[in-house]
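1. Okay, predicted coordinates and the sequence, questions at the end:
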Amino acid sequence: MTAVAGTLLRSLGVVSQSISQTAPAALRGVSQSLLNRGTWSTPAWTPLVTTVRHRYYADKLEKGPLKRHYGYKEKLHTKGMLPHMVHGQRLPVPLFRPKNNWSERKALFGQNDYIDILGNGTLHPTDVAYSVPPWLRGFKGNEYQMLLRKRKLFQSEMASSRPTKYREMNKRIKWLYRFLNQKTRDYYWHKA
């Protein structure tokens, strides 16, 4: 193999010398200096050597299995249905505390639902709706009427303390006014 490579290089050297002798002087340049610099008649020519990581499969097996995701710690629980064990301790579970079904809030829930039927007639069901704001207790109407009522009651304080809410409320009132007056049919509208 080395003998064949050597003869090939020698023949290339001879061809390059003949080209350099016949080429005009203007074409001779860097390539000419490169051709003259190398000696092609060297007897020992060594090919480019590439290293092989695993020469034999047995050497690869001796090193053990390939390590993937080295240093990565899995944070998800993938070990089945049992609780995840961290440092030999179970996950903390809150103590069982039974609910008090006879607390005041639960015991008195719905006590005034039928006050108008079972009472003496002095109380109205809207009077005992404690979770509803006072300005909405007993109110009956659509969203537009409710917003008009709210603006009438809280206009001065909303404008100073919550200007963005006040502006959004006015925008909604204006939109509902247009919608109710232009987009919906009333009782006096007839087909032409």
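-> Great, that's in hand.
2. for the protein, where's the lowest mean pLDDT among helices and strands?
-> In the chain, no helix or strand scores lower on mean pLDDT, DSSP states H and E than helix 30-37, which sits at a mean of 52.
3. Could you look up the next helix or strand downstream of it?
-> Next in sequence after helix 30-37, counting helices and strands by DSSP states H and E, comes helix 57-62.
4. Give me the contact list for the following helix or strand past that following helix.
-> The first helix or strand that comes after helix 57-62 along the chain, using DSSP H and E, is helix 104-107. For helix 104-107, contacts defined as Cβ atoms under 8 Å, 6 or more residues apart in numbering pick out Asn100. Every residue, glycine included, has its C-beta placed from N, CA and C.
5. Point out where the protein drops to low pLDDT.
-> Counting by pLDDT under 70, the chain contains low-confidence residues at 1-43, 52-54, 77, 82-91, 187-192.
6. and it, what are its domains?
-> 2-37, 124-183 (automatic domain parsing).
7. Contact partners for Arg149?
-> Neighbouring residues of Arg149 by Cβ under 8 Å, 6+ apart: Trp135, Phe139, Gly141.
8. among these, which are in strands?
-> The strands, defined by DSSP state E, take in nothing from the contacts of Arg149.
9. Pick out whichever of those sits closest to Asp116.
-> The shortest approach to Asp116 among those belongs to Phe139, at 17.3 Å (Cβ to Cβ).
10. That closest one and Met146 touch, don't they?
-> Yes - Phe139 lies in contact with Met146 (Cβ atoms under 8 Å); the separation is 6.5 Å.
11. quick one, what contacts Leu176?
-> By Cβ under 8 Å, 6+ apart, the neighbours of Leu176 are Glu143, Tyr144, Leu147.
12. are any of these buried, and which?
-> Listed as buried from the contacts of Leu176 are Tyr144, Leu147; burial here means 16 or more other Cβ atoms under 10 Å.
13. Please render the contacts of Leu176 as a markdown table that adds secondary structure and distance to Asn100 to the earlier fields.
-> What follows is the contacts of Leu176, written out as a markdown table (DSSP: H, G, I helix; E, B strand; the rest coil; distance: Cβ to Cβ, whole Å):
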| residue | secondary structure | distance to Asn100 |
| --- | --- | --- |
| Glu143 | helix | 39 |
| Tyr144 | helix | 44 |
| Leu147 | helix | 41 |
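14. Right, I'll call it a day here.
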